[in-house]
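1. fold the following.
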Amino acid sequence: MNRLYATLALRIRRGMGLRIGDRRVPGHPQATGTEFEAYAAYAPGDDLRHLDWNALARLDLLVTRRFAAEREVCVHFLVDRSASMACPALDRKVTVADELVLALAWIALAGNDAVRVTLLPGDRAPEPSRVWRQRASARAVAAWLARAPAGGALDLGAAIAAHARCERRPAATVVVSDFMVEPAALAPGLAALRAGRHAVALLQVLGARERDPGAVGRCELRDVETGATHPVAVTPAVRARYRTLVAAHEAALRALATAHEAVFARLATNRPVPAFVAGDLAAAGFVSRR
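-> Below is the predicted model of the structure:
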């Protein structure tokens, strides 16, 4: 694993679980911890080790010290395995997406958080992994990602909504996809995740040929998920219009993420994943230096 990742941590402000961990939760004091946060009146049964003896001696008050709660975060990765992730083949979207998931999973595990990876295969039920909690589990994460090739059609909006219904406890949800879907279709699922106090990140993986098809001439477009075809004449004007639509789609995804307090970032497959993680995701506030 790239040494750079050892210097990084995920910045997740919501999605704290009930399991004890290393991540501090301001505003939710607990009896024990490492960082003092508040006082509370003593009640029979409180641990006497947490009494503030100075307050008792000076003010004749029985108060106990409370510390910032330390909780584990479970980071759920929803990984798009629909047919569109395999096209264009030379852009290697699945390979790059898997490298990104593995990098972020390793960072989460190194920070003593839990990781679960759910593959979203087209035309099949989602495949959730077990929950991993050890850094050594990175190999198991890689093996899990390798189990499902891309194929079939996927209703990404419905998949996100179903995940929100199943994961009732606050967590972090990271969606890795090319997001070849109308942004409005994602809104109900994102709203449900936000209502469930999930921290959400939408990470788009796009190939260079998707951002600019390059070729000029007559060709036939085929939807790899539905099989529908459409003849088209690619002219310089059509290419310019296409680039405009791609930019508008990205802007709509960013606006949707902002409306639902989610992180959005786009990774081009010709860009190194470490540079994206330490650069774009850090700028977006999703990762930080330890």
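
2. I'd like the mean pLDDT over stretch 52-66, please.
-> On average, the pLDDT along stretch 52-66 is 81.

3. could you work out the end-to-end span of it for me?
-> 10 Å (CA to CA, to the nearest Å).

4. which ones are touching residue 55?
-> Contacts for residue 55 (CB atoms under 8 Å, 6 or more residues apart in numbering) come out as 39, 61, 62, 63. Yep, even glycine has a C-beta here, placed from its N, CA and C like the rest.

5. can you tell me which of the residues you listed are in helices?
-> Among the contacts of residue 55, no member falls in helices (criterion: DSSP state H).

6. closest to residue 222 among those?
-> Each of these was checked against residue 222 using CB to CB; the closest is residue 39, at 67.1 Å.

7. what's the nearest residue to residue 146 if we skip its chain neighbours?
-> Counting by CB to CB, 6 or more residues apart in numbering, the nearest residue to residue 146 once its immediate chain neighbours are dropped is residue 98, at 7.6 Å.

8. top of the contacts of residue 55 by neighbour count?
-> The residue in those with the most neighbours, by other CB atoms under 10 Å, is residue 63 (18 neighbours).

9. now that residue: how far from residue 41?
-> Residue 63 sits 6 Å away from residue 41, going by CB to CB, to the nearest Å.

10. quick one on the thing from earlier: which of the contacts of residue 55 fall in strands?
-> Using DSSP state E, the members of the contacts of residue 55 that fall in strands are 39, 63.

11. so the residue nearest to residue 146 is in contact with residue 144, correct?
-> No - the pair residue 98 and residue 144 fails to qualify as a contact (CB atoms under 8 Å) at a distance of 9.8 Å.

12. for these two, indicate the residue with more neighbours.
-> residue 144 (25 against 22).

13. show me what contacts residue 250?
-> Residue 250 makes contacts with 204, 266, as judged by CB under 8 Å, 6+ apart.

14. heads up, I number from 8, so please use that
-> Yes, from this point I'll number from 8; that puts the last item at residue 257.

15. helix, strand, or coil at it?
-> Here residue 257 is recorded as helix under DSSP: H, G, I helix; E, B strand; the rest coil.

16. list the buried residues for stretch 241-260?
-> 241, 249, 256, 257, 260 (16 or more other CB atoms under 10 Å).

17. could you dump those residues to CSV with distance to residue 56 and pLDDT?
-> Formatted as CSV, the buried residues of stretch 241-260 follow (distance: CB to CB, whole Å; pLDDT from 0 to 100):
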residue, distance to residue 56, pLDDT
241, 74, 80
249, 67, 87
256, 58, 96
257, 55, 96
260, 51, 97
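
18. quick revisit: element containing the residue nearest to residue 153, please.
-> Counting by DSSP states H and E, the element that carries residue 105 is helix 100-117.

19. now for that helix, which elements pack on it?
-> Applying 3 or more CB pairs under 8 Å, 6 or more residues apart in numbering; DSSP states H and E, one finds that helix 100-117 contacts strand 15-17, strand 70-88, strand 121-128, helix 145-152, strand 179-184, strand 206-213, helix 280-285.

20. so what's the gap between the third one and the chain middle?
-> Going by CA atoms, centre = their mean, to the nearest Å, the spacing between the C-alpha centre of strand 121-128 and its chain's C-alpha centre is 10 Å.

21. buried sites along that strand?
-> 121, 122, 123, 124, 125, 126, 127, 128.

22. next: the fourth one.
-> When burial is assessed from 16+ other CB under 10 Å, helix 145-152 yields the following buried residues: 145, 147, 148, 149, 151, 152.

23. identify the spatial nearest neighbour of residue 148, chain neighbours not counted.
-> residue 112 (4.8 Å).
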